[in-house]
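> Build the 3D model from these lines:
(one chain, ligands or ions: 1)
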Amino acid sequence: MDIVYINDLKVDTVIGIFDWERRIRQTVSLDLEMAADIRRGAATDHIDDALDYKSIGKRVIAFIEQSEYQLVETLAEAVATLVLNEFPVPWLKLRLSKPGALRGARDVGVIIERGERPDG
Ligand SMILES: Nc1nc2c(c(=O)[nH]1)N=C([C@H](O)[C@@H](O)CO)CN2
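As a prediction, the model looks like this:
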């Protein structure tokens, strides 16, 4: 199994459980690993034969920017579902971080794996 990835995709959004958090936008950071078979794209050297991380990234940014979830869990699940449903991705690992949310910690968040991991 090969991986196409996006690291530290920063997006501003409304997220959080507290009243003050509903009134501001905060930055979340997304790391996304997506199962892919990169051999076809490598052989043809054509984007049509590759999993286009730019189009996935732009779609994810647009989704997160308009979302207003309370929990990082809910946002992570929604992004995972979107990617699995809208792109040829059978499996993904997603890390959603909320920098500065806990004093003393660089960031907090969740890591999830969804979909069916291909063999090999
Ligand atoms: N498991 C979670 N715990 C907490 C979350 C969350 O989204 N998932 N959120 C908060 C607050 O919004 C916090 O980030 C504000 O600093 C607290 N715990």
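
> Work out for me the element residue 117 sits within.
Assigned by DSSP states H and E, residue 117 falls within no helix or strand.

> For it, the count of nearby residues, please.
Neighbour count for residue 117, taken as other Cβ atoms under 10 Å: 13. Every C-beta, even on glycine, is put in place using the N, C-alpha and C of the backbone.

> For the ligand, see how far away the closest residue to it other than its chain neighbours is.
Setting aside the residues directly before and after it, residue 117 is nearest to residue 91 in space (Cβ to Cβ, 6 or more residues apart in numbering), at 4.4 Å. Look at residue 91 and the ligand: by Cβ to the nearest ligand atom, to the nearest Å, they are 24 Å apart.

> Quick check on residue 91: phi, psi?
Note on residue 91: its backbone torsions stand at phi -150, psi 150 [degrees, to the nearest 10].

> In contact with it, which residues are there?
Shown in contact with residue 91 (Cβ atoms under 8 Å, 6 or more residues apart in numbering): 1, 34, 35, 113, 114, 115, 116, 117, 118.

> at 10 Å what do you get?
By Cβ atoms under 10 Å, 6 or more residues apart in numbering, the contact set of residue 91 is 1, 3, 33-36, 84, 113-118.

> What parts of the protein come near the ligand?
Residues of the chain lying near the ligand by Cβ under 6 Å from any ligand atom: 16, 17, 18, 21, 71, 72, 73, 98, 101.

> Show the buried residues in those residues.
16, 72, 98, 101 (16 or more other Cβ atoms under 10 Å).

> hang on, the earlier thing: out of the residues of the chain next to the ligand, what pair is the most spread apart?
Pairwise distances across the residues of the chain next to the ligand (Cβ to Cβ) peak at 16.0 Å, for the pair 18 and 73.
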